[in-house]
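Visitor: I would like to see how this sequence folds:
(2 chains)
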Amino acid sequence: MDSGLRKHLNILDYTLLSLWRRRLKNLSILLVFAGVIFLVASFELVTQALTETADRALRNVPEITLQRLSAGRQETVPLTYMERLRGIFGIREIVPRVWGYYFDEVSGANYTVMGMDRRRMPGGKEMDLALARGDMPDPEERGAAVIGQGVETVLRQKGGSLLSLFRPDLSQVSFEIAGVFAPATDILTSDLIVLHPEDARDLFRIPSGMATDLLVYVANADEVSTIARKIATLLPDTRVLTRTQIRKTYQVVFGWRSGFASVCLLTALTAFVIFAWDKASGLSPEERREISVLKILGWETADILAIRFWEGLLVAGLAFVLGCTAAYVHVVFYDASLFRPVLVGWSVIRPDLRLLPTPELANFLLIFCGSVLPYLAATVIPAWRSASVPAETALSGM
Amino acid sequence: MTGIPAPYRLRPLHFLLMLFCAIAFVHAALVLHARSARARQTQDAAIRDTVTSNLGLTDLGVATEARYTRHPAVSDPMAPFMDHPGAIEHFPTGSFWAWPGPSGDREGR
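Guide: Predicted structure coming up:
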């Protein structure tokens, strides 16, 4: 075996024994360090998984969504706007949609109630494929609802077979459950109740000539932006959202600029500063004595630096691997349960997220550079300062 | 230990190698799991596409407590005092979801 390699293997042996001698201290550093990396890596993986899910799930959102704004708030859109849009060349279809939120006072759950004429939707018609049970009711059929898994769970807890909701004047209206969305669509449909548009209008008491928003489908995808601009000019009191904008929204809503991310980052930063301060403030008298004895025994400064380097690399590297692995397990197998209280808040309906991040080298490299490298520097520099002092001086000063 | 000939004694380095092997084993298992989960996810994606194209869905239903986290793409932009003057943010999810930014504004303005 090459003598240089053998020397390093022996140094590594010595380093491991040295780490084992101070096992309690090193283990506590390892665990705290791994915990900090776990926190940062978990957040990175959760946001990445959610962004990827949104990117895949929202490929087929309507090309243009048109809303009316009044005093900064969304208001219902008059259906006469559809006639005004007919003059814009390139629009394939305009579908009025009635939707809103329904707060169930008994369970505390918020439902999203939606009604539209599905026959006019240009997408595929195989909605039954997306149902776990039952069938999609006929588009003409009134009084039937298709609900998400979360709504079904709430209904089951309440012990009813009919979906009974209250209009704003507190008169009751009941719907038969025609179907339940498949668990695979939970992240989109968990709180969803799909009704006939007239049923939805009746539930919310929305006048017949109004809709919540208009979905505009365009014949040529390249013209979406031009048509959106034309709509904005023609109807100045509206907000025009394109598919690109909606997808772009989901590229930024899960990121490091949120308040929770700042808390994670600040926690990590504080922990790193404490580590660095502890290390950079110098070696303990015991460590200083060990270095002096090694120098008297004939060890060179480079050998002592190699020991410190290996010590730092083993502790920080293991903490990095353990932290990142635990973060992946936390996100994939436990659906990021530690972050769930913040991620879903007080929501009663909690969808099955099925998070599956794609671990990318760039993300881990960033965490590595922000954690392991500073730790290595903070370990080696004080050791170099101590090792460069003559051994007799170091020992006599004790 | 004294009875074992020197070449067969375990050095500390050997324990480190065993630890690395265990980590590699765990990671290999995670990679295999990720592959099968990815295949399942591809099937799920087709079903989700059907739902979004048929119902015109625009948002993920991760949090249902506030409209700006249930429908961040199509609800009012997140803003301080959005419910009434002096109203402070009190939904926990508001701390996780970042502001969508000016991309949520109207097209062409």
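Visitor: all helices for the chain, in order.
Guide: Assuming you mean chain A. A:3-21, A:23-57, A:80-85, A:149-158, A:186-189, A:197-204, A:224-234, A:243-252, A:259-280, A:285-296, A:301-332, A:340-343, A:361-387, A:391-396 (DSSP state H).
Visitor: think we crossed wires, I meant chain B
Guide: According to DSSP H, the helices that chain B contains are B:12-55, B:67-70.
Visitor: can you list contacts of the last one?
Guide: Spelled out, it's helix B:67-70. Counting by CB atoms under 8 Å, 6 or more residues apart in numbering or on different chains, helix B:67-70 makes contact with A:101, A:110, A:112, A:191, A:345, B:59, B:61-64, B:75-78, B:82, B:91, B:93-94, B:96-97, all of which sit outside it. Where C-beta positions appear, they are placed from N, C-alpha and C, glycine not excepted.
Visitor: give me that answer again for 6 Å
Guide: Contacts with helix B:67-70, where a contact means CB atoms under 6 Å, 6 or more residues apart in numbering or on different chains, come from B:63, B:64, B:75, B:78, B:93, B:97.
Visitor: CA-only coordinates of it, as PDB, when you get a sec.
Guide: Taking Å, rounded to 0.1, in the frame of the first residue of the first chain, the C-alpha atoms of helix B:67-70 are listed here in PDB:
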ATOM      1  CA  ARG B  67     -59.100  32.000   0.400                       C
ATOM      2  CA  TYR B  68     -55.600  33.400  -0.400                       C
ATOM      3  CA  THR B  69     -54.000  30.000   0.400                       C
ATOM      4  CA  ARG B  70     -56.800  27.900  -1.000                       C
END
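Visitor: circling back: mean neighbour count, the helices of chain B: which tops it?
Guide: When neighbours are counted by mean count of other CB atoms under 10 Å in any protein chain shown, the highest per-stretch mean among these falls to helix B:67-70, a mean of 22.
Visitor: What parts of chain B come near chain A?
Guide: B:11-13, B:37, B:41, B:44-45, B:47-54, B:56-58, B:60-61, B:63-65, B:72-74, B:91-93, B:95-98, B:100-101, B:103-104, B:106-108 (CB under 6 Å from any CB of the partner chain).
Visitor: In chain B, what residue comes closest to chain A?
Guide: Residue of chain B nearest chain A, by CB to the nearest CB: residue B:53 (2.5 Å).
Visitor: Wait, that residue touches residue A:60, no?
Guide: Yes: assessed by CB atoms under 6 Å, residue B:53 is found in contact with residue A:60 at 4.0 Å.
Visitor: tell me the domain ranges of chain B?
Guide: Here chain B is described, according to automatic domain parsing, as comprising the domains B:12-57, B:60-101.
Visitor: Quick one: mean pLDDT over the shortest one.
Guide: Domain B:60-101 comes out with an average pLDDT of 78.
Visitor: Stretch A:304-318 too?
Guide: Per-residue pLDDT values over stretch A:304-318 give a mean of 87.
Visitor: ok so, going back, got TSV for the helices of chain A, with mean neighbour count and distance to chain B too?
Guide: Putting these into TSV (neighbours: other CB atoms under 10 Å in any protein chain shown; distance: least, CB to the nearest CB, whole Å) gives the following:
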stretch	mean neighbour count	distance to chain B
helix A:3-21	14	4
helix A:23-57	19	5
helix A:80-85	14	14
helix A:149-158	18	8
helix A:186-189	26	5
helix A:197-204	20	12
helix A:224-234	18	4
helix A:243-252	20	4
helix A:259-280	15	4
helix A:285-296	17	17
helix A:301-332	20	6
helix A:340-343	18	5
helix A:361-387	17	12
helix A:391-396	13	25
